[in-house]
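Engineer: For reference, the sequence and a predicted model appear below.
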Amino acid sequence: MRNVTDSGVKTLSAHDLRESTGSSTGADEPEAILRLDGVWAAYGQGPAVLEDANLAIGGRQFVALIGPSGCGKTTLLNMVAGFVAPTRGTLLLDGEPITGPGADRSMIFQDDAVFPWYTVKKNVEYGLRFTVDKAERDRRVAELIELVGLAGRENAYPHELSGGMRKRVDVARGMAPRPRILLMDEPFAALDVMTKTRLQEEFLRLWDGSEMTVLLVTHDIEEALFMSDFVVPMGTHPGRLREAVRVPFERPRDPLLRTSSEFQELRQRLIQLLHESHGGSGGAR
Ligand SMILES: Nc1ncnc2c1ncn2[C@@H]1O[C@H](COP(=O)(O)OP(=O)(O)O)[C@@H](O)[C@H]1O
Ligand SMILES: [Mg+2]
């Protein structure tokens, strides 16, 4: 299923995302953490909004789905989160069907999900309040607050924080339960460009020290390229996953990577792929 596109960019079938990590050599039972097989989605009696989605994501991979508004990105994340059931196909997490939400998955949304009536500390520990004892909770929460750069603001309320700081609270809260998979739905889209780039870099540093697999949804090509190991472009009407594009840049990612010619070439290539995915006739190839 491997092929090499004309620009020399290696693309893989969405099914084969795990191959390049070397985490699995056995062909039969791949060690995908998350696996989507022939997944379709529709709302009520309406038409399919997502068609035959196939994807296998290995441990500690960072995968970005990218596509225009309405192509089914949020629907796909909601299915992985267990909020929405597929109309056809299966979603497996560690080999088990996803039947509802669970502590093994956290979601970070575009809009702040922080509770305005809770302090920073209370917000971060929210997902741990029944599952982790107080001493461990305090330790973990303090560590995360430090890591996201909010030490000293533990007792602040969200309205006392900037948009970027509230997003850091969101990130800390999403990571606190130590999910297997962190789902991010356009998490930085509402931030100004400077704050956004800074948070992307900060997030990668956090992620580098963790075991989490990340599935990021974005319509920002630069964000997808800067952050992820694979970018999966999506087409619309109905939503569809295209061939995954491997992002070859070494980690840790250098902030200046964004200005390199390799980065810009890959960006150009993705723009083309996205254009083909929802442009004119015979776009698929
Ligand atoms: N709750 C819903 N009820 C009916 N249609 C919905 C609902 N949520 C999303 N849709 C439709 O499903 C399609 C995909 O939406 P969505 O997954 O939100 O796309 P994206 O996140 O890529 O913008 C859109 O056409 C949208 O209008
Ligand atoms: Mg969306």
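Structural biologist: Yep, it's here. Ligands and ions are numbered 1, 2, ... in the order given.

Engineer: Contact partners for Arg198?
Structural biologist: For Arg198, the contact set (C-beta atoms under 8 Å, 6 or more residues apart in numbering) comprises Gly164. In short, each C-beta sits where N, CA and C put it, glycine included.

Engineer: contacting residues around the closest residue to Gly100 other than its chain neighbours?
Structural biologist: Nearest residue to Gly100 in three dimensions, chain neighbours excluded: Gly82, at 4.4 Å (C-beta to C-beta, 6 or more residues apart in numbering). Counting by C-beta under 8 Å, 6+ apart, Gly82 touches Ile98, Thr99, Gly100, Pro101, Gly102, Arg105.

Engineer: Tell me who's in contact with the fifth one.
Structural biologist: Put plainly, it is Gly102. Gly102 neighbours (C-beta under 8 Å, 6+ apart): Gly82, Leu93.

Engineer: can you do 10 Å?
Structural biologist: Contact analysis of Gly102 by C-beta atoms under 10 Å, 6 or more residues apart in numbering lists Ala81, Gly82, Leu93, Glu96, Pro177, Pro179, Arg180, Ile181.

Engineer: Tell me if it really is in a helix.
Structural biologist: No - assessed with DSSP: H, G, I helix; E, B strand; the rest coil, Gly102 is coil; it does not lie in a helix.

Engineer: Got the confidence number for it?
Structural biologist: Looking at Gly102, its pLDDT is 92.

Engineer: ranges for the helices of the chain?
Structural biologist: 73-81, 120-125, 134-147, 163-175, 193-208, 221-227, 261-278 (DSSP state H).

Engineer: Filter the contacts of Gly102 down to the buried ones, ChimeraX style.
Structural biologist: Selection of buried members from the contacts of Gly102 for ChimeraX, criterion 16 or more other C-beta atoms under 10 Å:
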select :81,82,93,177,179,180,181
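
Engineer: farthest-separated two in the contacts of Gly102?
Structural biologist: Maximum pairwise distance among the contacts of Gly102 (C-beta to C-beta): 17.8 Å, between Glu96 and Pro177.

Engineer: Now for the nearest residue to Arg180 once chain neighbours are set aside, how many residues are close by?
Structural biologist: The spatial neighbour of Arg180 that comes closest, neighbours along the chain excluded (C-beta to C-beta, 6+ apart), is Asp104 at 4.4 Å. Around Asp104 there are 16 other residues, counting by other C-beta atoms under 10 Å.

Engineer: cool, and Pro255?
Structural biologist: For Pro255, the neighbour count with other C-beta under 10 Å is 13.

Engineer: and it, what does it touch?
Structural biologist: Pro255 is in contact with Thr197, Arg198, Gln200, Glu201, Leu204, Phe226, counting by C-beta under 10 Å, 6+ apart.
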